[in-house]
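Peer 1: Structure for the following, please:
(4 chains)
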There are 2 protein chains.
Amino acid sequence: MNKKDAILKSVLKLVTRDGFYHLNMKKIAEEADVAAGTIYLYFKGKEDVINALYKLIVTDFNQSVLKAYSEDKSVKENFHSMLHNAVEFYLNEKDNFSFIEQYTYAPFLFKENQDENFMLLLPIYKMMKQGKKEHVIKNLPDAVLLSLIHGPLNTIIKLHLAHKTDLHKKGAKQKFYNACWEAIAIESKI
Amino acid sequence: MNKKDAILKSVLKLVTRDGFYHLNMKKIAEEADVAAGTIYLYFKGKEDVINALYKLIVTDFNQSVLKAYSEDKSVKENFHSMLHNAVEFYLNEKDNFSFIEQYTYAPFLFKENQDENFMLLLPIYKMMKQGKKEHVIKNLPDAVLLSLIHGPLNTIIKLHLAHKTDLHKKGAKQKFYNACWEAIAIESKI
DNA sequence: AAATAAAAAATGAACGTTCATTCATTTTTG
DNA sequence: CAAAAATGAATGAACGTTCATTTTTTATTT
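Peer 2: Residues are numbered from 1 along each chain as shown, chains lettered A, B, ... in the order given. Model prediction:
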């Protein structure tokens, strides 16, 4: 494998397993089967590796979610399939969730840009705007609607990964998607 | 001030400002106006200080939220006042939110006990159970209901602290509380 | 094909710094 | 003045980064 990718993959694994606090260059190198100095051929330093990985994951996530979007579908259909893709993304690549959460909440740690925190919300935000215009989604402040979509997604994944619930159980995901839709949809459009 | 408290207060300030990554004993001591060695009179070491602070904040939070609960009020009223107290707790002590989030998402960093992550949800969980029994709250899986309460709370505070919305604006909090209630309440009980 | 040379990639020991923790000494308390 | 509390310099381990050296790849010539 490409050494640059091996390094990024190694960071993802280590951060998920041990947290940022225990991450160091020696471990990254060992896990990637590379010499410590090699990391500096591909990245400026430790922070750069971490920022690069964050950008990669956010791009992947947004692509996954946007893949579900189609102009031809109703807002409700788009909502369901985008939420589904978001859930699947996190379930299939569990490490991504843990990494993103840790990165997001580490203030002024590595972030080049504060707004990067919310890049993740862009696809959902777009769909929400459309729903409001079509009077399918409640006329609530943007922040409240965002919180009603992004918040539950985050928490349910957290609960699933901590084995407090099991999203793989039959019908579990559908119940969740429906509950989220009902939370933001105008009653007659449920 | 009591030196033990000064040390905890210092950690809270530093973690919120710079993150766990940049926290060190020298800074804790300086900020608390105490010698480095003094910390070891009150705590076993760095991890112990951090765990102690976490437990303190969670206890405070649960107390604040439970203070709003009353047997005499309806589930809806209890929900509103508990959610209100949770929001106020985080807005009045902004540092607490940042600290808890960072702590929660650092896997195996300092945590003595994985389940500590969810201690925060206990008061909400109790109230939810009662609402289901009284057929006021939708009969959804516990995890889905939890995600619809805890999730939006988390996200709206995050958005507020990042200045993406302003919960101090008139009516903003009420809109949020109502939206959260509508998300979990049975239609006729809204 | 084989041999050679030049360039690029990779290595890991060494360096300087930072950090958590200790403990002999000093200060404060009762 | 004895006991308790507090100090902060000293210690040794850990870490990010550098760079002289080695290995691999690519290009060129025989």
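Peer 1: What helices and strands are in contact with the host helix or strand of residue A:40?
Peer 2: Following DSSP states H and E, the helix or strand that holds residue A:40 is helix A:36-42. Packing partners of helix A:36-42 (3 or more Cβ pairs under 8 Å, 6 or more residues apart in numbering or on different chains; DSSP states H and E): helix A:3-18, helix A:25-32. In this view, the C-beta of every residue, glycine as well, is placed from N, C-alpha and C.
Peer 1: Among those helices, show me which one is buried the most.
Peer 2: helix A:3-18 (a mean of 18; mean count of other Cβ atoms under 10 Å in any protein chain shown).
Peer 1: That one - contacts with which helices or strands?
Peer 2: helix A:25-32, helix A:36-42, helix A:46-66, helix A:94-104.
Peer 1: can you list contacts of it?
Peer 2: When contacts are defined by Cβ atoms under 8 Å, 6 or more residues apart in numbering or on different chains, helix A:3-18 is touched by residues A:22-23, A:27-29, A:31-34, A:38-39, A:42-43, A:49-50, A:52-53, A:56-57, A:94-96, A:98-99, A:102, B:107-109.
Peer 1: near DNA strand C, from those?
Peer 2: A:34, A:38 (Cβ under 7 Å from any atom of the strand).
Peer 1: pretty sure residue A:80 contacts residue A:176?
Peer 2: No - using Cβ atoms under 8 Å, residue A:80 makes no contact with residue A:176, being 10.5 Å away.
Peer 1: of those two, who's got more company?
Peer 2: Between residue A:80 and residue A:176, counting by other Cβ atoms under 10 Å in any protein chain shown, residue A:176 is the more crowded of the two (25 against 18).
Peer 1: what about chain A, any weak spots by pLDDT?
Peer 2: Residue ranges of chain A with pLDDT under 70: A:107-117, A:189.
Peer 1: rerun that using 90 as the cut-off
Peer 2: Within chain A, the stretches with pLDDT under 90 are A:1, A:17-21, A:71, A:93-94, A:101-127, A:129-130, A:162, A:187-190.
Peer 1: That one against DNA strand D: which residues are in contact?
Peer 2: Going by Cβ under 7 Å from any atom of the strand, the residues of chain A near DNA strand D are A:22, A:23, A:24, A:25, A:26, A:36, A:37, A:40, A:45, A:46, A:47.
Peer 1: Next one: the closest residue to DNA strand C within chain A from residue A:7, what distance?
Peer 2: Residue of chain A nearest DNA strand C, by Cβ to the nearest atom of the strand: residue A:37 (1.7 Å). Note on residue A:37: its distance to residue A:7, by Cβ to Cβ, to the nearest Å, is 12 Å.
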